[in-house]
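[1] coords please:
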Amino acid sequence: MLLHRRAVLAALAVAPFAARPILAQTPESAPLPEPPLLGSDYRAARAAFRTNLLRRGPAPDQGDPLTAPEGAEALRYRSGGRDLVAWASPPGDAAALKPAVLVLHGGNAIWHGHWQDLVAPYVAAGFHALMPTLRGENGQPGDFSAFYDETDDVLAAAEALRARPGVDPERVFVSGHSVGGTLTLLAALSGDFRGAAALSPSPDTRVFFQRFADEAPFDLSDPRELEMRSAVCFASGFRCPVLMSHGDGETRSSRSIDLAVARARAAGLRAEHRVVAGDHMGSIPAGMRVALDFFASETGVR
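    Residues are numbered from 1 along each chain as shown. Just a heads-up that it's a prediction; the model follows:
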């Protein structure tokens with residue numbers, strides 16, 4: 001299992017902008033006001049926004065060496081002028097295309113255990129898979145931005161997955177746990193996927209940064225910085241069916257998941273909230289099972 005401290009903690013993880021409450025003024029124990037709904041076009045919002053990093057440097061976790069774990073091969077993909085490492089399942093037969101899953105790890109680095117816990121179940125179920133490192137992780141180039149610029153890397157990795165031999169480009173999914181679950185939601189707002197399964201995500205990153213303010217390299221007193229990292233603020237614009245799950249022993253983000261699902265459904269989109277047994281780490285196996293069932297409903301692969 002993924003035992004690193006950061007991976008365990010991570011789940012506790014345009015439009016005119018009127019004056020809104022400042023996170024720094026809200027005690028962790030106090031309920032946060034409902035986040036605004038800022039529209040349904042997150043792509044356009046991203047095109048009009050640049051995060052202002054007050055601190056530049058690598059991601060806060062070290063991770064494992066980037067040699068591929070058993071059952072995977074290492075490759076490089078290109079994002080924003082950077083060559084970044086990803087781990088992928090073996091290439092397939094171009095004459096027999098199969099669905100694929102882009103898998104986003106928890107924490108702010110990649111560990112070999114991520115492959116076994118988060119990727120191997122998809123491969124065993126008949127999917128191709130690719131798990132990328134993101135900028136600033138595991139010694140990779142680029143500055144850590146806490147969810148925002150990393151979304152560009154996620155979308156670039158998805159294109160690398162679509163180009164893999166044997167991958168059906170029309171059946172590419174995205175899935176992730178914890179920090180990866182939050183990025184999964186942002187990818188589902190900005191990319192082109194068949195479906196998305198976010199395990200233990202933080203749709204409202206104010207909840208996440210209440211606990212981990214020291215890891216924010218941007219100004220937490222700027223509401224827009226937080227909103228542009230919060231899928232709940234754009235949940236009427238998910239571009240594919242979305243599943244959000246978490247363990248019954250981790251409920252900090254339950255309210256924001258409910259709100260994101262309600263906003264998506266009000267816009268006529270397919271969105272689900274599932275609670276499974278377990279805490280942040282212990283819920284991963286059950287979360288993977290519901291993710292596989294969710295993807296099966298879109299592909300027929302079981």
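[2] for the stretch 101-250 of the chain, just list every one of the strands.
    128-132, 167-177, 196-199, 242-247 (DSSP state E, counting those that start in this stretch).
[3] each with direction, which strands does the second one pair with?
    What that stands for is strand 167-177. strand 98-104 (parallel), strand 196-199 (parallel) (DSSP bridges).
[4] for those strands, give me a markdown table that also has distance to Arg82 and mean pLDDT.
    All C-beta atoms are positioned from the backbone trio N, CA, C, and that covers glycine. Putting the strands paired with strand 167-177 into a markdown table (distance: least, C-beta to C-beta, whole Å; pLDDT from 0 to 100) gives the following:
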| stretch | distance to Arg82 | mean pLDDT |
| --- | --- | --- |
| strand 98-104 | 17 | 98 |
| strand 196-199 | 24 | 98 |
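[5] which one of those is the most hemmed in?
    The highest average neighbour count among the strands paired with strand 167-177, using mean count of other C-beta atoms under 10 Å, belongs to strand 196-199 at a mean of 31.
[6] please list the residues outside it that contact it.
    For strand 196-199, the surrounding residues in contact (C-beta atoms under 8 Å, 6 or more residues apart in numbering) are 173-178, 180-182, 184-185, 187-188, 238, 240-246, 283-284, 287-288, 290-291, 294-295.
[7] got the CA coordinates for it in PDB?
    Extracted C-alpha coordinates of strand 196-199, given in PDB (Å, rounded to 0.1, in the frame of the first residue of the first chain):
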ATOM      1  CA  ALA A 196     -13.400  10.100 -15.200                       C
ATOM      2  CA  ALA A 197     -13.200   8.400 -11.800                       C
ATOM      3  CA  ALA A 198     -11.800  10.500  -8.900                       C
ATOM      4  CA  LEU A 199     -11.000   8.600  -5.700                       C
END
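[8] pick the most deeply packed of the strands of the stretch 101-250 of the chain.
    Mean neighbours per residue, mean count of other C-beta under 10 Å, is largest over those for strand 196-199, with a mean of 31.
[9] and Arg162, how close does it get to Val119?
    For Arg162, the distance to Val119 (C-beta to C-beta, to the nearest Å) stands at 17 Å.
[10] neighbour count winner among the two?
    Val119 (25 against 18; other C-beta atoms under 10 Å).
[11] where does the stretch 201-302 of the chain have low pLDDT?
    Within the stretch 201-302 of the chain, the stretches with pLDDT under 70 are 300-302.
[12] please identify the residue most distant from the middle of this structure.
    Using C-alpha atoms, centre = their mean, the residue of the chain lying farthest from its centre is Ala95. It sits 30.8 Å away.
[13] any idea which element that residue lies in?
    Remark: Ala95 resides in no helix or strand, with elements defined by DSSP states H and E.
[14] for it, report the pLDDT, please.
    The pLDDT attached to Ala95 in the predicted structure is 88.
[15] and if you look at Leu32?
    89.
[16] neighbours of it, just the number please.
    Counted with other C-beta under 10 Å, residues neighbouring Leu32 total 15.
[17] just the one 5 residues further on next, same as before
    When neighbours are defined as other C-beta under 10 Å, Leu37 has 17 of them.
[18] assign it to helix, strand or coil.
    Secondary structure for Leu37, judged by DSSP: H, G, I helix; E, B strand; the rest coil, is coil.
[19] can I get the strands of the stretch 101-250 of the chain in CSV including distance to Ala45?
    Listed next are the strands of the stretch 101-250 of the chain as CSV, based on distance: least, C-beta to C-beta, whole Å:
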stretch, distance to Ala45
strand 128-132, 23
strand 167-177, 19
strand 196-199, 18
strand 242-247, 18
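[20] and the gap between Glu272 and Leu32?
    For Glu272, the distance to Leu32 - C-beta to C-beta - is 23 Å.
[21] just put the strands paired with strand 167-177 in a markdown table and tack on distance to Ala129.
    What follows is these, written out as a markdown table (distance: least, C-beta to C-beta, whole Å):
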| stretch | distance to Ala129 |
| --- | --- |
| strand 98-104 | 5 |
| strand 196-199 | 13 |
